[in-house]
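Trainee: generate a structure from the sequence data that follows.
(one chain, ligands or ions: 1)
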Amino acid sequence: SQRPKDFPPGPPCLPIIGNLHQIPLRKGFLRWQEWGKEYGNIIGFKLGPKNAVVLNSYRHVKELFDKRGAKYSSRPESYVNGELLCPNEIHILFASYGPKWRALRKAVQMFLNAKAVDALHPLQVAESTQTMCDLLDEPSNYYDHIRRYSTAVILASVFGQRGASFQSPKVQALYRVEDRFTVILEPGATPPVDAFGFLKYIPEFLSPWKIEAREIRKEQSLLYHTLLNETKDRIQRKISPPCFMQKVIEDQEKNNFTPEQMAYLGGITMEAGSDTTSSTLLAFVLAMAQHPEILKQAQKEVDRVCGIDRSPNFDDIEKLEYVHCCMQEASTGIVKTLRWRPIAPGGIPHMLTEDDSYEGYFIPKGTIVFYNAWAIHMDEGEYDSPEKFEPARWLNNKFGCKSTADIDDDHRRTTYSFGAGRRVCSGQRLAQNSLMLNMAKMVWLFDIRPDSLESLDMDIGSGFTDGIIVAPKKVPIQFVPRSNQHARIIRDELQGSQDLFATYE
Ligand code: HEM
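Mentor: Okay, the predicted model is just below:
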């Protein structure tokens, strides 16, 4: 547990365990943020014998992940991820930087490139319109309706199948397993088995986390294989609409993918795109419920651009500057940010594959490097009152930062919510399209109000769930249609989507 010579500064270590005892089991990114005040924005610490570094400033993420991507793009070796949950590097998010990851990333890119993603506009419009009608019919279940939306878009575009309601068995199966998956992946949710290898030999009856991991693996594998087999069957019967898996199946020999790799490729895309997008939308709902004045201003703009005779669509989005700012603040604008509540606040760890020197520090090969999206987005040096939901900050400059800040355009990302470097999220464009469309339609259609202001808990610690992906906890929120005419129009628009839905049934 000794710190390497010239390692970045950090808290003193204890023998053997290093700093493990100082990192809380949940939401460790808050502790890293606190450490930043004492040790600076690049902090070195020890997870038992393993070296770890956390980056609390965008400047370091930019220099290390974006400019030195060849070295900082692997993932830490992990017994839980790599052996129990997703063996043989089948999971793109956890695959180490090498040929297997490259083949997966190339395949995913085929589905997530700009042209392919923009071809999904009609599907997104149809599913979003259904979501608005679901919110009209059953507002108290807003949480499920929003979660259904993101899964339905991926189910249809990846597997050519429909997720018509939150109760659909596949949507249910996905969230049942996904909720458990994101919790077990959070550093701290399992014993430090990578630091102390002997822990893996403790029998299962004394290690409930092992049983949990095996069950998750079984459920995930069953779901992904079932979806793949159903899609294969529908393709054979010539009743499948074009979808990502169709292309993957056609290219199976060329890519040399096993059925397991194919099933996981589709399943993981669904995983990656479901609760990420819905959690961001839910954070937006929370912000709108707390800030009626911001909602009003966004409504004014949507009304000016779309009027009352139709709901917003993709042609309008470019013209909605203030709604953009709301999205940039709560979530993602076209190429902008997810600042206020990043859904992966502690980031997804990268691993350094060669020794490196940086600003006089030595960072050895094998170091686990965390980018702390939470600390980056809450940096008081960069943002005025960072804790405040303030869309207007994005009117100042494209980074939403203080006008007095030194605005640095070189390789700086407008958001770190999607990660950075070569492992940056492949699904940004698809996610952004979904977010913008749903936010614009929601603002156009509803007044969004809390049952009571006291019921809103905006605190990232207490008001959001645990896990590597966090989401606002469910609180009662009212969705009140702005007029009968708004409600009638959205229902009429839904009728126009029925033919498209039928192709996925
Ligand atoms: C608001 C929505 C989303 C957010 C905030 C988000 C965030 C992230 C983050 C933080 C990473 C890790 C980046 C890193 O390690 O540096 C990631 C990876 C990834 N995301 Fe997303 N994501 C979102 C939506 C999507 C969607 C819709 C898809 C596809 C359907 C997707 C597909 C992926 C894939 C395939 C990876 C793995 C990349 C790799 O390791 O090579 N994401 N995402």
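Trainee: which element is the residue minimising distance to the centre of the chain on?
Mentor: Nearest to the mean C-alpha position of the chain, by C-alpha atoms, centre = their mean, lies Thr276 at 3.3 Å. Using DSSP states H and E, Thr276 sits in helix 259-290.
Trainee: sorry, back to before: which residue is the nearest non-sequential neighbour of the residue nearest to the centre of the chain?
Mentor: The spatially closest residue to Thr276, leaving aside those adjacent along the chain, is Ile343, at 5.7 Å (C-beta to C-beta, 6 or more residues apart in numbering). Yep, even glycine has a C-beta here, placed from its N, CA and C like the rest.
Trainee: ok, that neighbour - contacts?
Mentor: 275-276, 279-280, 283, 417, 469-471 (C-beta atoms under 8 Å, 6 or more residues apart in numbering).
Trainee: I'd assumed it was in a strand, is it?
Mentor: No: counting by DSSP: H, G, I helix; E, B strand; the rest coil, Ile343 falls outside a strand, being coil.
Trainee: next up, the contacts around Asp459.
Mentor: Contacts of Asp459 (C-beta under 8 Å, 6+ apart): none.
Trainee: quick check: the gap between it and Arg341.
Mentor: The gap separating Asp459 from Arg341 is 10 Å, by C-beta to C-beta, to the nearest Å.
Trainee: which of the residues in stretch 370-390 are buried?
Mentor: Buried residues in stretch 370-390, counted by 16 or more other C-beta atoms under 10 Å: 370-379, 382-383, 386, 389-390.
Trainee: please read the previous query as pertaining to stretch 459-474.
Mentor: Within stretch 459-474, the residues scored as buried using 16+ other C-beta under 10 Å are 460, 463-472.
Trainee: now swap in stretch 83-99 and tell me
Mentor: Applying 16+ other C-beta under 10 Å to stretch 83-99 flags 84-86, 89-95, 97 as buried.
Trainee: and Leu199, what does it touch?
Mentor: Residues near Leu199 by C-beta under 8 Å, 6+ apart: 191-193, 207.
Trainee: of the buried residues of stretch 83-99, which ones also sit close to the ligand?
Mentor: When contact is defined as C-beta under 6 Å from any ligand atom, the buried residues of stretch 83-99 meet the ligand at 92-93.
Trainee: coming back round to it: got phi/psi on the residue nearest to Thr276?
Mentor: phi -80, psi -20 (degrees, to the nearest 10).
Trainee: how close does it sit to Asp356?
Mentor: On the measure of C-beta to C-beta, Ile343 and Asp356 end up 29 Å apart.
Trainee: and if you look at Met270?
Mentor: 35 Å.
Trainee: compare those two and say which is more crowded by neighbours.
Mentor: More neighbours surround Met270 than the other of Met270 and Asp356, with 24 against 17 (other C-beta atoms under 10 Å).
Trainee: quick check, that one in contact with Ala156.
Mentor: No: counting by C-beta atoms under 8 Å, Met270 stays clear of Ala156, with 10.5 Å between them.
Trainee: quick one, what contacts Cys326?
Mentor: 284, 287-288, 294, 298, 391, 439, 443.
Trainee: I'd like those residues as a markdown table, with pLDDT and neighbour count appended.
Mentor: Shown next, in a markdown table, are those (pLDDT from 0 to 100; neighbours: other C-beta atoms under 10 Å):
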| residue | pLDDT | neighbour count |
| --- | --- | --- |
| Phe284 | 91 | 27 |
| Ala287 | 90 | 23 |
| Met288 | 92 | 24 |
| Ile294 | 92 | 21 |
| Ala298 | 92 | 25 |
| Pro391 | 86 | 24 |
| Met439 | 93 | 28 |
| Val443 | 95 | 28 |
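Trainee: I'd like those as JSON lines, with distance to Pro12 appended.
Mentor: Below are the contacts of Cys326 laid out as JSON lines (distance: C-beta to C-beta, whole Å):
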{"residue": "Phe284", "distance to Pro12": "41"}
{"residue": "Ala287", "distance to Pro12": "40"}
{"residue": "Met288", "distance to Pro12": "45"}
{"residue": "Ile294", "distance to Pro12": "45"}
{"residue": "Ala298", "distance to Pro12": "49"}
{"residue": "Pro391", "distance to Pro12": "42"}
{"residue": "Met439", "distance to Pro12": "46"}
{"residue": "Val443", "distance to Pro12": "50"}
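Trainee: among those residues, which one lies nearest to the ligand?
Mentor: Phe284 (10.5 Å; C-beta to the nearest ligand atom).
Trainee: skipping its backbone neighbours, what lies nearest whichever residue of the stretch 251-400 of the chain sits closest to the ligand in space?
Mentor: Per C-beta to the nearest ligand atom, the residue of the stretch 251-400 of the chain with the smallest distance to the ligand is Gly273, at 3.0 Å. Computed as C-beta to C-beta, 6+ apart, the closest residue to Gly273 that is not its neighbour in sequence is Ile154, at 4.5 Å.
Trainee: mind listing what's buried in the helix or strand Leu155 falls within?
Mentor: For Leu155, the element it lies in under DSSP H and E is helix 142-159. For helix 142-159, burial by neighbour count (16+ other C-beta under 10 Å) applies to 142-159.
Trainee: and the ligand, which of the residues you listed contact it?
Mentor: Within the buried residues of helix 142-159, those near the ligand by C-beta under 6 Å from any ligand atom are Ile154.
Trainee: hang on, the earlier thing: quick one: mean pLDDT for the helix holding Leu155?
Mentor: Averaging pLDDT along helix 142-159 yields 96.
Trainee: let me know the angle separating that helix from helix 259-290.
Mentor: 150 degrees (axes from the mean of the first three to the mean of the last three C-alpha atoms, to 10 degrees).
Trainee: which other helices and strands does the helix or strand following helix 142-159 contact?
Mentor: Next along the chain after helix 142-159, taking DSSP H and E as the criterion, comes helix 169-185. Where contact means 3 or more C-beta pairs under 8 Å, 6 or more residues apart in numbering; DSSP states H and E, helix 169-185 is packed against helix 142-159, helix 208-236, helix 259-290.
Trainee: now those in CSV, with distance to Ile490?
Mentor: Formatted as CSV, the helices and strands packed on helix 169-185 follow (distance: least, C-beta to C-beta, whole Å):
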stretch, distance to Ile490
helix 142-159, 13
helix 208-236, 30
helix 259-290, 17
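Trainee: what segments of the stretch 1-150 of the chain are helices?
Mentor: Under the criterion DSSP state H, counting those that start in this stretch, helices of the stretch 1-150 of the chain are mapped to 28-39, 58-61, 79, 99-112, 114-118, 121-137, 142-159.
Trainee: check the offset of the longest one from the chain's centre.
Mentor: For helix 142-159, the separation from the chain centroid amounts to 14 Å (computed by C-alpha atoms, centre = their mean, to the nearest Å).
Trainee: so which other helices or strands are in contact with it?
Mentor: Right, helix 142-159 is packed against helix 121-137, helix 169-185, helix 208-236, helix 244-250, helix 259-290, helix 428-445 by 3+ C-beta pairs under 8 Å, 6+ apart.
Trainee: roughly how far does the residue nearest to Thr276 sit from Phe94?
Mentor: Counting by C-beta to C-beta - Ile343 and Phe94 are separated by 18 Å.
Trainee: and Ala289, by the same measure?
Mentor: For Ala289 relative to Phe94 (C-beta to C-beta), the value is 35 Å.
Trainee: which residues of the chain lie near the ligand?
Mentor: Going by C-beta under 6 Å from any ligand atom, the residues of the chain near the ligand are 92-93, 105, 108, 112, 154, 269, 272-273, 276-277, 280, 332, 338, 343-344, 348, 417-420, 423-427, 430-431.
Trainee: which of those residues are buried?
Mentor: Buried among the residues of the chain next to the ligand by 16+ other C-beta under 10 Å: 92-93, 105, 108, 112, 154, 269, 272-273, 276-277, 280, 332, 338, 343-344, 348, 417-420, 423, 425-427, 430-431.
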